[in-house]
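Trainee: Just to be clear, the model below is a prediction. Sequence and coordinates:
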Amino acid sequence: MPKGLLGKKIGMGQHFTASGNAVVVTYVEAGPCVVLQVKNAEKDGYSAVQLGFEKKPVRLTKKPELGHFKKAKSEPLRFVREVALTQDEQLKQGDKISVDMFEQGDFLDVVGVSIGKGFQGGMKRWNWSGGKASHGSMTHRRVGSIGASAYPSRVVKGHHMPGHMGSDVVSIQNLEVIEVDNENNLLVVKGAVPGYSGNYLIIKKALKAKKKPMQEQVAKEEPKGKAVAGKKPAKKK
């Protein structure tokens, strides 16, 4: 199977675990995705698979795109992206990949575009503290000085300034899969994913999964030296 899948953020909600704990979750529609093109190391220099997700009207599709979809015997699709492919995997054009590639307890890396905030000032964009709020101050939310005149006599590259905020490609790592609904192609993921409801996502298996699944977490041990009923704490020698 490929190392990821395409999907769409549906919304957020609350999920109760078997132990009764409430967890904030995101509902993600993952797949089914159609394999539009398979790339290999011999011909293309790398192994990957091009996936397509969600139907698109023919009237909104350009003729070159229609020919590309026709080769894969697929309808026009809105969201098309490449995902890495294991070398030993054999996939063909037209194959379909669904959400059953994930299981409860898996950890995911989710890539999406963050919500756009438009043009913002420095206080909102970079969390500046701002100037004095007292009467007479004229620098409440202003930028102020942005460089020294003697040295280096210029604005240092990378200096935080007001500007466009949001609409960036963001990757959230190690999101735990709480539940998988194969019938409705749904993933219930612990935590938040980038973007607004309806935002397209690339869902990959986590590269740095270190934590244990929530269902298997063990209660922390009592700190050493703590008194237990009927026993005295051991004295240090």
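Mentor: Cool, the structure landed. Numbering: from 1, shown residues only.

Trainee: Show me what secondary structure element comes after the helix or strand bottoming out on mean pLDDT in the chain.
Mentor: Ranked by mean pLDDT, DSSP states H and E, the weakest helix or strand in the chain is helix 41-44, scoring a mean of 82. For helix 41-44, the succeeding helix or strand toward the C-terminus, using DSSP states H and E, is strand 48-55.

Trainee: ok, back up a step: CA atoms only: put the least confident helix or strand of the chain into PDB for me.
Mentor: Taking Å, rounded to 0.1, in the frame of the first residue of the first chain, the C-alpha atoms of helix 41-44 are listed here in PDB:
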ATOM      1  CA  ALA A  41      12.700   4.400  -9.900                       C
ATOM      2  CA  GLU A  42      13.700   3.200 -13.400                       C
ATOM      3  CA  LYS A  43      11.600   5.600 -15.400                       C
ATOM      4  CA  ASP A  44      11.000   8.500 -13.100                       C
END
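
Trainee: buried stuff in it?
Mentor: For helix 41-44, burial by neighbour count (16 or more other Cβ atoms under 10 Å) applies to no residue. (C-beta placed from N, C-alpha, C; glycine too.)

Trainee: would you list every one of the helices in the protein?
Mentor: With DSSP state H as the criterion, the chain has helices at 41-44, 63-71, 122-126.

Trainee: what does the second one rub up against?
Mentor: By Cβ atoms under 8 Å, 6 or more residues apart in numbering, the list of residues contacting helix 63-71 from outside reads 36-37, 52, 58, 61, 75-77, 93.

Trainee: quick one: contacts for Lys55?
Mentor: Taking Cβ under 8 Å, 6+ apart, one finds 75-78 in contact with Lys55.

Trainee: can you check Glu42 too?
Mentor: With Cβ under 8 Å, 6+ apart, Glu42 has no contacts at all.

Trainee: Now do the domain split for this structure, please.
Mentor: The chain resolves into domains spanning 4-119+169-216, 120-165 when parsed by automatic domain parsing.

Trainee: Just the CA trace of stretch 25-38, in PDB.
Mentor: C-alpha atoms of stretch 25-38 as PDB (Å, rounded to 0.1, in the frame of the first residue of the first chain):
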ATOM      1  CA  VAL A  25     -11.400  14.700  17.800                       C
ATOM      2  CA  THR A  26     -11.500  15.600  14.100                       C
ATOM      3  CA  TYR A  27     -13.700  13.700  11.700                       C
ATOM      4  CA  VAL A  28     -11.900  13.100   8.400                       C
ATOM      5  CA  GLU A  29     -13.300  11.600   5.200                       C
ATOM      6  CA  ALA A  30     -10.400   9.500   3.900                       C
ATOM      7  CA  GLY A  31     -10.700   8.000   0.400                       C
ATOM      8  CA  PRO A  32     -11.600   6.100  -1.600                       C
ATOM      9  CA  CYS A  33      -8.800   7.300  -3.800                       C
ATOM     10  CA  VAL A  34      -8.100   6.200  -7.400                       C
ATOM     11  CA  VAL A  35      -4.600   5.400  -8.600                       C
ATOM     12  CA  LEU A  36      -4.100   7.800 -11.600                       C
ATOM     13  CA  GLN A  37      -0.400   7.100 -12.200                       C
ATOM     14  CA  VAL A  38       2.400   4.900 -10.800                       C
END
